[in-house]
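Novice: Got a sequence here, can you model it:
(2 chains)
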2 protein chains.
Amino acid sequence: MARQQRSTAALYPKSIPLHWQVGEGVEPETWIDAAVPGAVQLDIARARGWGPHYYAENWRDYLWMEDRTWTYRARFNRPPVESNERLLFVSKGIDYRYAITCNGVTILKREGMFKPIACNISALLKARNELIVTVFPAAKVRGRPMDKSQAAESFRPAVSYGWDCHPRLIPLGIWDETGLELRGASHLHDVELGYSLDKNLGSARLRLAVRGQALAGRSFQWTVRDSRDRLIWCEKGPATADSFTLRGLADDVKLWWPRGHGESALYSWRFELKDGGRILERRSGRTGFRRIRLVMNEGAWERPRNFPKSRSDPPMTLEINGRRIFAIGSNWISPEIFPGKITTALYQRLLRRACQANFNLLRVWGGGMVNKCSFYDLCDRMGLMIWQEFPLACNCYPDKAGYLRVLKSEAVAIVRRLRRHACLALWCGGNELFNAWSGMTDQSLALRTLNSICLRHDPQTPFIPTSPVMGVGHGHYLFCDEGGRDVMQRMIKSRCSAYTEFGVPSPAGMQVLRKILPGRDLYPPRPGTAWESHGAFNAWLGESWLELGTIERYFGPSAGLEELVERGQFLQSEGIRFFFEEARRQKPACSMALNWCFNEAWPTAANNSLITWPDLPKPSLRAAARACRPAMASARFARIDWAPGTLFQCQLWMLNDRLEAVESGTMQVYIRCGSRRRRIGRWEFPKLAPGIHIRGPKLEIRLPEQIPPRFKLQLCVDQQPRLDSEYVLLKSAS
Amino acid sequence: MARQQRSTAALYPKSIPLHWQVGEGVEPETWIDAAVPGAVQLDIARARGWGPHYYAENWRDYLWMEDRTWTYRARFNRPPVESNERLLFVSKGIDYRYAITCNGVTILKREGMFKPIACNISALLKARNELIVTVFPAAKVRGRPMDKSQAAESFRPAVSYGWDCHPRLIPLGIWDETGLELRGASHLHDVELGYSLDKNLGSARLRLAVRGQALAGRSFQWTVRDSRDRLIWCEKGPATADSFTLRGLADDVKLWWPRGHGESALYSWRFELKDGGRILERRSGRTGFRRIRLVMNEGAWERPRNFPKSRSDPPMTLEINGRRIFAIGSNWISPEIFPGKITTALYQRLLRRACQANFNLLRVWGGGMVNKCSFYDLCDRMGLMIWQEFPLACNCYPDKAGYLRVLKSEAVAIVRRLRRHACLALWCGGNELFNAWSGMTDQSLALRTLNSICLRHDPQTPFIPTSPVMGVGHGHYLFCDEGGRDVMQRMIKSRCSAYTEFGVPSPAGMQVLRKILPGRDLYPPRPGTAWESHGAFNAWLGESWLELGTIERYFGPSAGLEELVERGQFLQSEGIRFFFEEARRQKPACSMALNWCFNEAWPTAANNSLITWPDLPKPSLRAAARACRPAMASARFARIDWAPGTLFQCQLWMLNDRLEAVESGTMQVYIRCGSRRRRIGRWEFPKLAPGIHIRGPKLEIRLPEQIPPRFKLQLCVDQQPRLDSEYVLLKSAS
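Specialist: Here you go, the predicted structure:
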């Protein structure tokens, strides 16, 4: 914005870049250049001229590094530091256990990658200085096999220890912005805007909490501008203490809404600390005003009906600003194995794809990372709600005091960093912790501590201990399950309050496969090759994730890899389409549809993702986008494959999650076989109020004796072709 | 114990009794004598010479009092207070909103009946002094009907606002020990023994936390004695600060066990604050060492089986010292409408009855009181586990800041008071909060705050937000439900992880009925009389609690009240017997059987209680005791009434919750009609290991064409008659 570019630069803090090197051991014999932020593994690979870590089995070359100690070194001449200034070593994150020394003096020892570091080194400065960051071997629970269970006493992404979609690669090192920072005598530690909306959501009482040091005697200016950049609050005055709270008012506020429900209005604020006319420091931020609640799904209070009576299913409907929102979206995986590589540009490309898919929520899955700040800034602007999990997944995290101490300190840092974001819709303890394969319960001190921390530091944002909670469904993750039932057969019988992980796999596109698999492995796909380490075989139950047998069941043998890929991607597309539409048809008993998963941390050969690493959409992303159109015609049918001459039945729906009504109209329903179209029937549907779905008639038609391998069910809405929908059905093999 | 009686008296604190009067309004015109502890209503009733509050409709005479302000007054001459002494006004509880002044100066204003009061009034003393406690009208949410919903913003027993088993009577006033206390310059605020058991539960590291004032310069002596009164720890030394922690060790500890699982061993400790040879203050207590966990029920991890997969049911099995305990017992109601009347002797009489019934756990129901200290002391000694609820029940307690402030301060006081008791097995947020009639959810800030407080102040004791949690069953509460199904029909189809409220009602005995009902109301029982206000009609769903129709269905018209009472009590006994046995037969899938309810706050005419107020057992108490024998023969059958000539079937069981094996033996099974006994069959059962139940054969017999109105199923164990069981069956009316 022009306004910001005009403003005078603040004197402090001044960043001083460092040149980093890294070496193996506590006292490395040789040093190589280190990229910061980055990871030790990337530096080694670069120094040795290795090919991409995602090619073939290259990832195995990195394994030895997880058990070594690594030392970062930065040497620098004493910068000009005035007597009233202070020089700090600052870092937003080092992964995961480390010690920091300056000129031989230990200034910090810590376990935890999320709590920011700020160590005053002024008193230690000499003419020539040396900062050392010793990164200890990856934390592992002793005596466990080489898998995720080794992560059960760490508060960091368990996915690094090896997952179906992620090779074993445990990043080590400095993963977020790190360097020297020159500060004045007067310094702002933290400035945070909080607010309380009145009952009618018409005005917001603002609270600017300022914490710093040596502020007395300085002056400040605080301004708030609305979403159209109009100044709505300005306050100047003397700072009287190191910690104070300013209060303001935003009248007639424009609320922040998630995508599809209104503008995601953001107010901006700026706080300047001044010494006379000089601006010493400046902090600024954006805030969206919204009230968020997790409320009972409609009808949930009516169950259970009988005695002995248990409790009702817990609430899973997000209510924003008093409006119930059907949450639609996907599960966000950390988009890189090495978080140090993640850029704002990558976040932006991926999040734009989520918007194009008509998603309004992403679940930041607990197996992966808490993202960098820019991720949440982008989601604030794009109106993408965030379900944020703490980094716990599929393990039994213990009640041990040492673990709980790290968890507490890290979780407080995470909550205090993210709570200011309008996009933050839900805190969650982690992934699948209340299932047998994790073995945690409501009695876990770790989860009770996380609940308690969220209550204390962010009471206005809902908290759930894990996903799934009772009534919520995870899975299935295959097009055809163990019993041979397809997506359609399963989904029409499922009754969940929310589907928060539902997956259908597919192979990656040819371009990706050629890039990651050696030529000799390419065809036919088989276990024991790079296909397997890239997730195509033995990744989960059954024949995951390539589903070779399922593809052959529907289509017979494939002529080559191109055909196989097309068929696998077709099944994913139709499965994902049906999943999203069926979950929406179950509204309001169902309140969420999130597929597993959105993206990838590296390029898999086959996976449930809609997007191949780093940001290549699969055809299923378009199918998801179609199925998540706010208003659309929709059909429920019993399975994907139909035998010639049998009775095909479908139940019609009109879905409307728009803010506006859908006008009444006529839906024509056809079966199209090749160029031939047979009309099954029509439905004169009434006007649909905003947020209302209507169930139409059940139509049926005897299928012809001759049908092609693929044929279509088409729903065509007269004069409103944007509401049209189309499903591809298969001729049954039997 | 002799040792204690020999010890020299401590100098402080010295209690100074007060003479209290009470009057209506802020400045009463007339004063009457007040009993302290007690309640304003009792003082008024006494002064006016009223009959008992439980007779007929007398309770209605008290209603006007709840909306008045009441003033307590105590006048006293200045006691001899040395210059280094302090005089405090102390109280363990005033119900519920009040202000306290001394000589016209306000020394406290508070909402909340549980947090103890200690106000230094030394500086306010004159020759003649006046303490005033102004008790404000009962707290009520405005605009609500005159029922429990008015209690939705109070942290006190909701039962007082009117319940099926409790008239509307909201106590007001000083309900626990209250008076003046003379303290020395050096004073102990709190001394508490905490401990950590090692993994093998063999030794306990002790922590004595001492908090006081002006302790420096004093000395102390701390002793710990084991359960046989042998000194195992003694430490003397100088007090160096106002707050310090002493550490000790108890080796080879004798653990505390709940009844039936071993001795409830209690260690005693004593702490003396000394000034040279003089004992200034003394604190002492008893501690039972045990490790308590709430663990998953056996088999619970195997569910859910299918995808989409939800979570497993939460844990409901109490594990004490590593042993899974089947919790058997009842729901404890406050044993008086006015808690000020409750004596240790009353607690003792009631708790002894719980022991005689073979119970090992009482759920202190959230609709009622947190009990006085002596209750928990007795339970410690008797080995009765306590499930303690906070006073929340059947309301939607709000997220309002003011309410949460009171809740927090009161709950912290409760947790800090009770956490030292070995009997305390489980904290629970309150009663039925996650059901439609309450409308609270996991997102409630009140419940999240309680979880957080328990985590902080008592992390080693499990916490559940409410009962029922998922998988746990409440109800049914009638012998025959709306569909005409009896207890047996319902219970054999129920599959709950725990039955924590299951009730069968009965009328009170003749003696009680004559005492509480006017002669004109006695017979026939009918709505609109004192029967109704004493719970016999329209108390809950259906024909509660007298179940006149059900009694007539099975027995036809009754000849008089005696017969009616006998029949109602018979149904309760057989229903309760079947409930307890069937819940036990469902172990380990089921882990708890608690009937609704144990006792009463006033004498009801009909109710689910096993004991009529104050401590008169109904016949069902003996039936419960029989059904809760640790080892016994047991039979499952499909209903209570059987038509002549039909096939009677029963499934045999041997139950063994003893610590010892049950030797193998022979069970003979008979149907006894009057004096005639027909053998159905026999079962040579094997030896039963401790804690193991065995399912025997299913036997059947064609019933004779002539059977009496009541006949018996008898299980007789050769040579072990204490294992025998007997069930009374009814001849079907149809």
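Novice: With adjacent residues omitted, what lies nearest to the residue in the stretch 401-550 of chain A that chain B sits nearest to?
Specialist: Residue nearest to chain B within the stretch 401-550 of chain A: A:Gly473 (2.5 Å; Cβ to the nearest Cβ). C-beta coordinates here come from the backbone N, C-alpha and C atoms, glycine included. In space, and not counting its chain neighbours, A:Gly473 is closest to B:Pro308: 2.5 Å by Cβ to Cβ, 6 or more residues apart in numbering or on different chains.
Novice: now A:Asn371
Specialist: A:Val364 (6.5 Å).
Novice: for A:Ile107, same thing?
Specialist: Of all residues not flanking A:Ile107 in the chain, A:Cys119 sits nearest, at 4.5 Å (Cβ to Cβ, 6+ apart).
Novice: quick one: what helix or strand has the one you found in it?
Specialist: Counting by DSSP states H and E, the element that carries A:Cys119 is strand A:117-120.
Novice: and that strand, what does it pack onto?
Specialist: In terms of contacts (3 or more Cβ pairs under 8 Å, 6 or more residues apart in numbering or on different chains; DSSP states H and E), strand A:117-120 is packed against strand A:86-91, strand A:97-102, strand A:105-111.
Novice: Which neighbours in the sheet does that strand have, and how are they oriented?
Specialist: As defined by DSSP bridges, the strand partners of strand A:117-120 come to strand A:86-91 (antiparallel).
Novice: mean confidence score for the partner strand?
Specialist: In this model, strand A:86-91 has an average pLDDT of 98.
Novice: Mind listing residues that contact that strand?
Specialist: A:16, A:79, A:81, A:100, A:102, A:107, A:116-122, A:125, A:131, A:174, A:176-185, A:187 (Cβ atoms under 8 Å, 6 or more residues apart in numbering or on different chains).
Novice: coming back round to it: A:Leu655 versus the residue nearest to A:Gly473, what's the distance?
Specialist: Distance, B:Pro308 to A:Leu655, by Cβ to Cβ, to the nearest Å: 21 Å.
Novice: Would you mark the buried spots in the strand holding A:Cys119?
Specialist: A:Ile117 (16 or more other Cβ atoms under 10 Å in any protein chain shown).
Novice: Report the backbone C-alpha coordinates of the very next helix or strand once past that strand in CSV.
Specialist: Sequence order places strand A:128-135 as the next helix or strand after strand A:117-120, per DSSP H and E. This file holds the C-alpha atoms of strand A:128-135, laid out as CSV (Å, rounded to 0.1, in the frame of the first residue of the first chain):
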residue,chain,number,x,y,z
ARG,A,128,36.3,-11.2,16.1
ASN,A,129,33.3,-13.3,17.1
GLU,A,130,32.1,-16.8,16.7
LEU,A,131,28.5,-18.1,17.1
ILE,A,132,28.2,-21.8,17.3
VAL,A,133,24.9,-23.7,17.1
THR,A,134,25.4,-27.3,17.9
VAL,A,135,22.5,-29.5,16.7
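Novice: I'd like the average pLDDT over the next helix or strand after strand A:128-135.
Specialist: Heading C-terminal from strand A:128-135, the first helix or strand you meet, by DSSP H and E, is strand A:173-174. Mean pLDDT, computed over strand A:173-174, is 98.
Novice: and whichever helix or strand comes after strand A:173-174, what does it pack onto?
Specialist: Note on strand A:173-174: by DSSP H and E, the next helix or strand toward the C-terminus is strand A:178-183. If you count contacts as 3+ Cβ pairs under 8 Å, 6+ apart, strand A:178-183 packs onto strand A:14-16, strand A:86-91.
Novice: What angle do strand A:128-135 and strand A:178-183 make with each other?
Specialist: Between strand A:178-183 and strand A:128-135, the angle formed by their directions is 130 degrees, by axes from the mean of the first three to the mean of the last three Cα atoms, to 10 degrees.
Novice: helices and strands of chain A: which one has the lowest mean pLDDT?
Specialist: helix A:2-6 (a mean of 46; mean pLDDT, DSSP states H and E).
Novice: Find the helix or strand that the spatially closest residue to A:Gln348 that is not a sequence neighbour is a member of.
Specialist: Ranked by Cβ to Cβ, 6+ apart and with sequence neighbours excluded, the top spatial neighbour of A:Gln348 is A:Leu378, at 5.9 Å. Per DSSP H and E: A:Leu378 is located in helix A:373-382.
Novice: can I get the CA coordinates of that helix in PDB?
Specialist: Extracted in PDB, the C-alpha atoms of helix A:373-382 (Å, rounded to 0.1, in the frame of the first residue of the first chain):
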ATOM      1  CA  CYS A 373       3.900 -16.900   9.600                       C
ATOM      2  CA  SER A 374       3.300 -16.100   5.900                       C
ATOM      3  CA  PHE A 375       1.100 -19.200   5.500                       C
ATOM      4  CA  TYR A 376      -1.400 -17.800   8.000                       C
ATOM      5  CA  ASP A 377      -1.100 -14.200   6.600                       C
ATOM      6  CA  LEU A 378      -2.100 -15.600   3.200                       C
ATOM      7  CA  CYS A 379      -5.000 -17.600   4.700                       C
ATOM      8  CA  ASP A 380      -6.200 -14.500   6.500                       C
ATOM      9  CA  ARG A 381      -6.400 -12.700   3.200                       C
ATOM     10  CA  MET A 382      -7.800 -15.500   1.100                       C
END
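Novice: Who are the packing partners of the helix or strand just after it?
Specialist: Moving toward the C-terminus from helix A:373-382, the next helix or strand (DSSP H and E) is strand A:385-389. When contacts are defined as 3+ Cβ pairs under 8 Å, 6+ apart, strand A:385-389 sits against strand A:361-364, helix A:373-382, strand A:424-428.
Novice: partner strands of the shortest one, parallel or antiparallel?
Specialist: Put plainly, it is strand A:361-364. According to DSSP bridges, strand A:361-364 has the following sheet partners: strand A:327-332 (parallel), strand A:385-389 (parallel).
Novice: Quick one: these as JSON lines, columns for mean neighbour count and mean pLDDT too.
Specialist: As requested, those are arranged in JSON lines below (neighbours: other Cβ atoms under 10 Å in any protein chain shown; pLDDT from 0 to 100):
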{"stretch": "strand A:327-332", "mean neighbour count": "28", "mean pLDDT": "98"}
{"stretch": "strand A:385-389", "mean neighbour count": "26", "mean pLDDT": "98"}
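Novice: Kindly present those as CSV, with separate columns for distance to A:Thr30.
Specialist: Putting those into CSV (distance: least, Cβ to Cβ, whole Å) gives the following:
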stretch, distance to A:Thr30
strand A:327-332, 39
strand A:385-389, 40
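Novice: and the stretch 151-300 of chain A, which residues reach chain B?
Specialist: Counting by Cβ under 8 Å from any Cβ of the partner chain, the stretch 151-300 of chain A comes close to chain B at A:Arg293, A:Leu294, A:Val295, A:Met296.
Novice: thought the third one was touching A:Glu319?
Specialist: Yes. With contact taken as Cβ atoms under 8 Å, A:Val295 and A:Glu319 are classed as touching, separated by 4.7 Å.
Novice: Now for the closest residue in space to A:Leu255 that isn't next to it in sequence: which residues touch it?
Specialist: Leaving out its chain neighbours, the residue that sits closest to A:Leu255 by Cβ to Cβ, 6+ apart is A:Asn321, at 5.1 Å. For A:Asn321, the contacting residues are A:Leu201, A:Leu255, A:Trp257, A:Arg290, A:Arg291, by Cβ under 8 Å, 6+ apart.
Novice: separation between A:Asn321 and A:Arg290?
Specialist: From A:Asn321 across to A:Arg290, the span is 6 Å (Cβ to Cβ).
Novice: Could you tell me which residues touch both of those two?
Specialist: Common contacts of A:Asn321 and A:Arg290 (Cβ under 8 Å, 6+ apart): A:Leu255, A:Trp257.
Novice: Up against chain B, what does the stretch 501-650 of chain A have?
Specialist: So the stretch 501-650 of chain A meets chain B at A:Phe502 (Cβ under 8 Å from any Cβ).
Novice: can you give me the helices in the stretch 501-650 of chain A?
Specialist: Taking DSSP state H, counting those that start in this stretch, the helices of the stretch 501-650 of chain A run over residues A:510-516, A:530-533, A:548-555, A:561-585, A:619-627.
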